[in-house]
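Chemist: my questions concern the predicted model and sequence given below.
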Amino acid sequence: MKEELIMKVKPETLDSLINALVDITSEMKSAAPDPQVRFGDEVYMTCLCLENTVLGAIRQVELKKKEGK
């Protein structure tokens, strides 16, 4: 399996990115409480997809750490 570029990013940078994405989506939720409005917004959905990708990368990094012990 080909390793994705995101796996070459430092864990600290991934943590900063996920924190920023969570802050952004939280503000969007406050601005648009109706889920139908948010789910219809392309940028909101892109942020959610990116959150999922970053969380997956963080998980893989942690799993690699545990395998190495």
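Modeler: Great, that's in hand. Residues are numbered from 1 along each chain as shown.
Chemist: contacting residues for the spatially most central residue of the chain?
Modeler: Nearest to the geometric centre of the chain sits residue 51, at 1.8 Å (CA atoms, centre = their mean). Applying CB atoms under 8 Å, 6 or more residues apart in numbering to residue 51 gives the contacts 18, 21, 22, 25. In short, each C-beta sits where N, CA and C put it, glycine included.
Chemist: now those residues: which count as buried?
Modeler: 18, 21, 25 (16 or more other CB atoms under 10 Å).
Chemist: ok, back up a step: name the SS class of the residue nearest to the centre of the chain, please.
Modeler: Classification of residue 51 by DSSP: H, G, I helix; E, B strand; the rest coil places it in helix.
Chemist: for residue 60, see how far away it is.
Modeler: The gap separating residue 51 from residue 60 is 15 Å, by CB to CB, to the nearest Å.
Chemist: repeat that for residue 22.
Modeler: Distance of residue 22 to residue 60, computed by CB to CB: 19 Å.
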